[in-house]
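Fold the following and give me the result.
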Amino acid sequence: MTLIPSKFYYNSGTQLKDVKMSDPDLIISSECLEIYGNNKRDYCFLQCKDTLKSFSFQPNPKLVTIGPYAFYNCIKLERIDLSSCTMLTSIKTYAFCQCTSVTELLLPKGLQYIMQFAFSNLKIQTVTIPASVLKIYDHGIADMTTLTSIIFKEGSKLDSLSNNAFFSTKLTEFKVPESVSSIMGTFLNGVRTMRTINVHQNNKFFVTSDSCAVYTKDYRVLSIFAASSVSTYVIDSRCTSINYGAFISCQCTSITIPSSVTQIGGYAFCGSSNIKQITLPPSITRIEASCFSGSGLTSIDIPDKVKYIGAYAFSLNTFLKTVLLPENLTEVGGGAFPSSNDINFTFKGNSSITIDNQMLMISKDNSSISMLLKPDTVQITLPIQTKEIKSSAFSGKKSLTTIKCDGISEIDTIGDYAFFSCTSLKSIPYFPKLKTIGIHAFSYTILSSEFLFPESFTSLGEYSFSNIVTLPSISFASTAKTLTISNYAFFGCTSLSRASFDECTSNISLGMNVFTDCSSLIMFRVSSHMKSIDSGCLMNCGIRTITFENSETSFDSLPSMFMKGCTNIEEILIPNNIVTIGTECFSGTSIRTIKIPDSVESLLSNCFSGCQSLEHVDISSTCNLASISPAIFEQCTSLSYISDFVSSKFVCQNSTIYDSNFKSVYLHAPTCKDNYISFDRRLVKVEESAFINSAYIEFVVFVDNSVVSIGKRAFESCTRLKQISIPSSVTFIGEDAFTNCESLRCGVLFQNKSKQFVEYLLKSGLPKSAILRCEAFSCIVNKNSNFAISLTLIAVFILM
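Next up, the predicted model:
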């Protein structure tokens, strides 16, 4: 077992982050409060995911939180033992997801929250849930074909059984814990092996009499059924309501519903593939969304009082041949029935729903389209009266190439997934009254002409036009009060060359990654109507020119990763009112020069990193800079000049920025030609990444009784650095301070010879050879140098 070194801990040692170790068995510090995680590209053990086999903790760990994705996809991890972490309260989303070799899971007393997908795709057979756990969220302990047993400790405080909590496991028995007051039937979604289900004797809310089904105490609601308990089941005659997902994944061949039932929840019989026939009670008025989706029904007679059939209610019923629809039916949700030429639909009266000659299930007044029933349709003509295309109405119609309208369209709403994956769809008409488009509405189509968003338009859902590689241009003319364009709306539209908001007067909000990977988008104008732009909005675009109306924006922060990876752009004029330039905002662009406006107060980490063509940075003495984060010019391999300036907070001399009192040095232009850097006694701290990638520095000198702290990565990758003097005043050297200083093979002059300080130096990335005794520069490594100095005799300083 290897103790994780201090360089991987942040926030005074309380946060474990970015562990880069090949050791298979690691020990985590007892002082760690949080194991960091953010997303699947940014989490604590990302670099260890192929090597980590086990982890443990020092005695009496103080761990409180395991962050999102913290151990994601650690495919060799065999055991998760958190039993000693008695202060741990929350295990966040995807924390141990895809740890596919884990066969044992031990949870600690005191744990309260198991978040979404926290323990998904492990290989455990059993797990004990501590009494302290309050909630297990969606897919919290799920997707495990090996999991057959879940045990709740006595005194369990779990208050609800949530949607998909134990999805797709192989549980065979289950006892509803004593404090549970709310059950979603879908908590056992995909658990087809459940043979018995019971209720803890102290539970005040639920009851079971046959170990097959759980009811509320008064038997009015059937809450959950054990999917593999019996082949035929008769619901109790006192029951009036069947819970959401109650019979999900049920293996019964026959279920009798009493006439007392007036409500059937969504997903109630979803996935009940063995049920071929079912008689619905006469008093129900609604069939909710996905109620019988994926069942084995061959025919269905909808009771006369039913007015509403929800989206996907009978979808994926591949054996369905006969459907009788009632006269009172007034609304059918999108994708409610399978799209098949073999289904015979019969209306029992003069219903307000009809099926037209194009096989569209549509309201009789043509105002809303529920779905297309003919799967091989090539062309559809929308009635002029149609106002709504419902969710999934045309989803997956691979043959559909053209949508037309028999006049000026009245459509104002296009629902979620309406045309999703219509992979041949090239042409749709202009919708002059369109207001909203739902998520994934046109994803993976091949629309090949400009899409015009009219004056009425207000809302564009996530991924709505994503991955349409043929879409050439878009134009917004919205005049409504607000226009919201949600995350990833045009993600991956690689042919999109124009995105115009010139005619738009709405207050515009652009979500995350709206135009990410639009590699043909060469120009973008940020108008005064754009009130907010989220992270990554233009990331990896082909932009050559970006302009800001009146050289200002309606917001004061340029977001993180705003134009990251836009390699075609060579010039950016930052708006005059910007206060903050976000993390990685312009990272990886091809800008050659940049002027930081006086309004800017904060430069966040890596905001210009990887700009390999950047040569010149201009900052004036009237600037308001108050904060400079680490590594803002990391990998800027051409940056040789930062203008001299003197402001209230900072000073720049010789392309090196200090605080106004010369106590801290913040950054140095990486390719500034100076090869000798020295500092006077005012310097106290070298900030994190201050001299990172400085290509020409060979000699660094600190005088006696001066610098106290050398920050993380301070001189990382200073490949020509040959000698540095470290006075006895230094008490802190950060991790990787001298990593990749490949010329620093010897010649580190330091006064503190204690064993502890030498170990400190080694942890900073210095090789052992660099700290061996070296007679100034007379050794063979530096035999061509005539440079010799004493720590106490400094004649020339950069700082005067």
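
Ramachandran angles for Glu549?
phi -60, psi 130 (degrees, to the nearest 10).

Equivalent analysis for the one 5 residues further on, please.
Per-residue torsions, Ser554: phi -90, psi 10 (degrees, to the nearest 10).

And the helices in the chain?
Assigned by DSSP state H, the chain shows helices spanning 755-763.

so where's it uncertain?
Along the chain, the parts satisfying pLDDT under 70 run over 747, 772-800.

rerun that using 50 as the cut-off
775-800 (pLDDT under 50).

Show me the residue sitting in the middle of it in space.
Nearest residue to the geometric centre of the chain (Cα atoms, centre = their mean): Asn39, 5.3 Å.

Please name the residues that touch that residue.
68-69 (Cβ atoms under 8 Å, 6 or more residues apart in numbering). Backbone N, C-alpha and C define where each C-beta goes, glycine included.

Could you shift the numbering so residue one becomes 57, and keep it that way?
Done: numbering now begins at 57, and the last item shifts to Asn95.

quick one: it from Gly592, how far?
Using Cβ to Cβ, to the nearest Å, Asn95 is found at 12 Å from Gly592.

And Asp74, by the same measure?
21 Å.

just Val379 next, same as before
Applying Cβ to Cβ to Val379 and Gly592 gives a distance of 46 Å.

Compare these two (neighbour count), which wins?
Gly592 (25 against 21; other Cβ atoms under 10 Å).

That one touches Leu614, doesn't it?
No. At 11.8 Å, Gly592 and Leu614 do not qualify as touching, with contact defined as Cβ atoms under 8 Å.

Quick one: end-to-end distance for stretch 527-540.
20 Å (Cα to Cα, to the nearest Å).

just stretch 735-745 next, same as before
Stretch 735-745: ends 17 Å apart by Cα to Cα.

residues in contact with the closest residue to Gln257 other than its chain neighbours?
Nearest non-adjacent residue to Gln257, counting by Cβ to Cβ, 6 or more residues apart in numbering: Glu234, 7.8 Å away. With contacts defined as Cβ under 8 Å, 6+ apart, the neighbours of Glu234 are 211-212, 256-259.

go again using 10 Å as the cut-off
187, 208, 210-214, 255-261 (Cβ atoms under 10 Å, 6 or more residues apart in numbering).

Same check on Ile630?
Counted by Cβ under 10 Å, 6+ apart, Ile630 has contacts 604, 607, 609, 614, 637, 641-642, 650-653, 655-656.

8 Å - rerun?
Ile630 sits in contact with 614, 637, 650-653, 656, where contact means Cβ under 8 Å, 6+ apart.

Equivalent analysis for Glu134, please.
109-110, 157-160.

same thing with Val232?
217, 239, 253-256, 259, 262, 270.

Which ones among the residues you listed map onto strands?
217, 239, 253-255, 262, 270 (DSSP state E).

quick one: which of those residues is nearest Ser553?
Leu217 (51.0 Å; Cβ to Cβ).

can you list the contacts of Glu234 in a markdown table and add neighbour count and distance to Met415?
Below are those laid out as a markdown table (neighbours: other Cβ atoms under 10 Å; distance: Cβ to Cβ, whole Å):
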| residue | neighbour count | distance to Met415 |
| --- | --- | --- |
| Ala187 | 18 | 57 |
| Phe208 | 21 | 51 |
| Glu210 | 9 | 59 |
| Gly211 | 12 | 58 |
| Ser212 | 23 | 53 |
| Lys213 | 17 | 53 |
| Leu214 | 24 | 48 |
| Val255 | 22 | 48 |
| His256 | 16 | 52 |
| Gln257 | 7 | 56 |
| Asn258 | 11 | 56 |
| Asn259 | 20 | 50 |
| Lys260 | 11 | 52 |
| Phe261 | 16 | 47 |
